Structure formats: structure tokens, C-alpha cells
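Peer 1: Got a sequence here, can you build the structure:
(chains A and B)
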Amino acid sequence: GNSVTQMEGPVTLSEEAFLTINCTYTATGYPSLFWYVQYPGEGLQLLLKATKADDKGSNKGFEATYRKETTSFHLEKGSVQVSDSAVYFCALIPRETSGSRLTFGEGTQLTVNP
Amino acid sequence: KAGVTQTPRYLIKTRGQQVTLSCSPISGHRSVSWYQQTPGQGLQFLFEYFSETQRNKGNFPGRFSGRQFSNSRSEMNVSTLELGDSALYLCASSATGGRTEAFFGQGTRLTVV
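Peer 2: Next up, the predicted model:
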């Protein structure tokens, strides 16, 4: 079946530190890959996406590259801010699906201290 | 453009009761999906509706049901509530379904006592 595995959290960083959150997936073919972010008390917001191998998604200083050879989609940011504190979810939609059903990873809690 | 609207934001119900949650998707979007979020199980897919038809269904008991109206608004119903149904229920809309991005509402926090 399809699955997403994220690095265990929580992650605590100081402001301006470099961020990496690992995400690997299991799926047949080439799924579409997404990163969503959830701020306290809120729903999920799409952060970035990639739909084919070697695609790089980017938004608000965050980046992730679709790596087919390692089935990974790691999230990175060069310099985090306190406002980046949130829970981050990696997700996929399989290529063969006729719908928009997302399979999510466990989520990674990020806390950025001033 | 208005986002996805879920009502109510908070609900407290007693075991054995039933509950109906509502979701209004982004104007023009025809696909609505529902997810349950709990600390223990994370985000789990409930079902997806597209043009008033259920297109996908997750692994939840029959107590969980949904429907979509001709204006794309959707409701989900949970009957005979159990303590374990306490969760954040999230609705997501997308333009056509398929592998396009989904936009989420703020969710309905259901507490079963």
C-alpha cells in the first residue's frame, strides 16, 4: 500500500538555524508529493508540492526536491524564524488514483526559539 | 475568494448521540474530502465526494457517513458516538479532485463525553 514516513519529532531549533525534516514514501509509480503545515488551532495549509521526479517545490523559503531514486521528499529551509513553529506533514496522492485522497505522514512538530 | 468554511468550530456531545458537521468548499470546487485527526492516529482519510457521488472511502465503520449537495457543500454524520470519536475533523476541497492540491478548512473540534 501507499505510506509516508517522517522523521521523528519534536524538533527544536534556534532562530536562523538550518532546518531539515526527512520524508520518505512508499508508492507505485510516481505519486504527487506535498508538504502541509498546521499552525496551532488551525487547519492544514499547503506549503509546497512536486508532481514528478526531480521537481523542486518551493514557497516562503522552504524547499523540497522529489527524489525518485531514494523515494524521498525532504523539507529544508536555510534560516528558520519563530513564526515557522508549527507541525509539518508530508503527504502523497498516488498516480493511479482517480481522486484527491491524501496519505499523510505522522507529522513533525517544529519549535523555533528566539 | 472565500476559503473552506467548516461549521461549527467546536462541539461537545454525549456518547450515543449523533452529530452532523458541515463544510462549504471554495467556490467552484467540486471535490470535498473529510479527514479525522487525532493525537494517536494522526490524519486519517474518511471519504471523498465529487459531484454529489462518493468517490473514495477510508476504513471507518458505517457509523460515519457523508453526502454532498448540488452546490458542492458537504456534510458528514457520525451516529452512536463513542469516546474515541473525539477528534478534529477536517474538510478539504479541490477544484476537480485528481492529484491537484487540496485546501483545508479550520476544522471542527468534536469532544464526546
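
Peer 1: Tell me where chain A has helices.
Peer 2: Assigned by DSSP state H, chain A shows no helices.

Peer 1: Spell out which parts of it neighbour chain B.
Peer 2: A:31-32, A:34, A:36, A:41-46, A:49, A:51, A:89, A:93, A:95, A:97-107 (Cβ under 8 Å from any Cβ of the partner chain). All C-beta spots, glycine's among them, are computed from the backbone N, C-alpha and C.

Peer 1: Now go through the residues you listed and say which are in strands.
Peer 2: A:32, A:34, A:36, A:44-46, A:49, A:89, A:93, A:103-104 (DSSP state E).

Peer 1: could those be laid out in a markdown table, adding distance to residue B:72 and pLDDT?
Peer 2: Below are these laid out as a markdown table (distance: Cβ to Cβ, whole Å; pLDDT from 0 to 100):
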| residue | distance to residue B:72 | pLDDT |
| --- | --- | --- |
| A:32 | 22 | 93 |
| A:34 | 22 | 95 |
| A:36 | 22 | 97 |
| A:44 | 20 | 95 |
| A:45 | 21 | 95 |
| A:46 | 19 | 94 |
| A:49 | 23 | 95 |
| A:89 | 25 | 97 |
| A:93 | 20 | 91 |
| A:103 | 24 | 93 |
| A:104 | 23 | 96 |
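
Peer 1: Show me how to select, in PyMOL, the buried members of the residues you listed.
Peer 2: In PyMOL, a selection of the buried entries from these looks like this (16 or more other Cβ atoms under 10 Å in any protein chain shown):
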select buried, chain A and resi 32+34+36+44+46+49+89+93+103+104
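
Peer 1: what's the closest of the ones in strands among the residues of chain A next to chain B to residue A:23?
Peer 2: Checking these against residue A:23 with Cβ to Cβ, the nearest one is residue A:89 at 9.1 Å.

Peer 1: and residue A:104, what does it touch?
Peer 2: A:4, A:36, A:89-91, B:42-43 (Cβ atoms under 8 Å, 6 or more residues apart in numbering or on different chains).

Peer 1: residues near residue 9, how many?
Peer 2: This is for chain A. 15 (other Cβ atoms under 10 Å in any protein chain shown).

Peer 1: my question was about chain B
Peer 2: 11.

Peer 1: Good, wrapping up.
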